[in-house]
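# prediction below, plus the sequence it came from.
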Amino acid sequence: MKLLILGGTVFLGRHLVDAALARSHEVTLFNRGQHNADWFHDVEKLRGDRDGDLSALQGRRWDAVIDTCGYVPRIVRASAELLADAVEHYTFTSSISVYARLNQPSLDESTPVGQLDDETVEEITGETYGPLKALCEQTVANVMPGRGLNIRPGLIVGPYDPLDRFTYWVTRVARGGEVLAPGRPVRPVQIIDAQDLAEWNIRLVEQGQTGTYNTTGPDYRLTMEHMLDTCKTVTSSDATFTWVDDSFLLEAEVGPWGEMPLWLPENHENGGSILDVNIDRAVAAGLTFRPLAETIQDTFDWSTTRPTDHEWRAGMSAAREAEMLQRWQQYT
């Protein structure tokens, strides 16, 4: 199979390339060459810009394309229209953030998606990100009817994750000592290993599967407590966990999701439902999950290779955590 990947040099894209090559597919990457240009020496690389310079794609044919970096409908339309006669199948990497009401329990693929009052908006914010992704999905469906596969991942984790939300917990627990753990220990969380997502995506492309799939995991009810305990076991840490309730964290103005990764207060507008999404359809289509301990080990091993001065994009600083733990002791 000849496969074109739009992007392919940051996180999920890297794992898609690995998965495709492992299954003996011929891969072409199209991107600006601004990230990790030294990866994949034996893979064809086409340079250009999705917003205005798609010339490198003209006159070529592939069996399928995987779009890992589409955020704006106008830009997605340009690539879809150019490739409409050049590929048979188009995977669009979307997000579970497309849903209009993220606090609705058991979100599934039939749940209404968010909408924009002004569909010409292109600025990506916390409010527009999901509706823009939904419009991108619809754009692909309009340009390539019956040939589109929409993947709606939850929190993608694992090696090469640039966002640090899961990596924060792995490395924080590994460091040991008293760890601030947010909310109820038994509240559900969902994650998807980028390696599992990539391998499954390639299999679906091979099968010519179309439609829309929520793709997070695992296929059992994972709790925050179990996730942190597994981090402790895998990293042989001496960590202890102090569970701090939502109301205290909100009063202390701790930032959900960013400053405190994988935490959304249960009375928040997003509630916990975005971490408890229905994935039955993807599982029925063959989505499988490696053991959580393996994902944690892979993430930990990779994290140790990063520079010591790595600037974290998510997670609580050690000083802020110590302050919050002290205040919590006084509060209780």
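It's in. Numbers count the residues shown, from 1 in each chain.

# burial count for the residue nearest to residue 202 when sequence neighbours are not counted?
Ranked by Cβ to Cβ, 6 or more residues apart in numbering and with sequence neighbours excluded, the top spatial neighbour of residue 202 is residue 19, at 4.7 Å. (C-beta placed from N, C-alpha, C; glycine too.) Per other Cβ atoms under 10 Å, the neighbour tally for residue 19 reads 21.

# okay, residue 19 and residue 210: tell me how far apart.
Applying Cβ to Cβ, to the nearest Å, the value for residue 19 to residue 210 is 19 Å.

# still on that earlier bit, buried set for whichever strand or helix holds the residue nearest to residue 202?
Using DSSP states H and E, residue 19 sits in helix 12-22. Neighbour counts using 16 or more other Cβ atoms under 10 Å place 12, 13, 14, 15, 16, 17, 18, 19, 20, 21 of helix 12-22 among the buried residues.

# the residues you listed into TSV, with extra columns for pLDDT and distance to residue 152?
Formatted as TSV, these follow (pLDDT from 0 to 100; distance: Cβ to Cβ, whole Å):
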residue	pLDDT	distance to residue 152
12	96	13
13	95	17
14	95	20
15	97	17
16	97	16
17	96	21
18	96	22
19	97	19
20	97	21
21	96	25
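
# just curious, which of those is nearest to residue 320?
For the buried residues of helix 12-22, the residue nearest residue 320 by Cβ to Cβ is residue 12; the value is 29.8 Å.

# gap between the two ends of stretch 208-227?
35 Å (Cα to Cα, to the nearest Å).

# do stretch 189-196 as well
End-to-end distance (Cα to Cα), stretch 189-196: 17 Å.

# spatially, what comes nearest to residue 97 if we skip its sequence neighbours?
residue 130 (3.7 Å).

# contacting residues for residue 196?
217, 287, 288, 289, 290 (Cβ atoms under 8 Å, 6 or more residues apart in numbering).

# pick the one among these closest to residue 231.
residue 290 (15.5 Å).

# which of the three states applies to that closest one?
Under DSSP: H, G, I helix; E, B strand; the rest coil, residue 290 falls in the coil class.

# show me what the helix holding residue 19 is packed against.
Helix 12-22 is packed against strand 2-6, strand 26-31, helix 194-207, with contacts defined by 3 or more Cβ pairs under 8 Å, 6 or more residues apart in numbering; DSSP states H and E.

# returning to what we had before: which of the contacts of residue 196 are buried, as a ChimeraX select command?
Buried subset of the contacts of residue 196, written as a ChimeraX selection, criterion 16+ other Cβ under 10 Å:
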select :217,287,289
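
# tell me which two of the contacts of residue 196 sit farthest apart.
Checked with Cβ to Cβ, the contacts of residue 196 reach their widest spread between 287 and 290, with 11.5 Å between them.

# where exactly do the helices run in the stretch 101-250 of the chain?
129-143, 165-175, 194-207, 224-234, 246-251 (DSSP state H, counting those that start in this stretch).

# distance of residue 16 from residue 33?
Distance from residue 16 to residue 33, by Cβ to Cβ: 18 Å.

# I should have written residue 139 there, sorry.
Residue 139 is 25 Å from residue 33, where distance means Cβ to Cβ.
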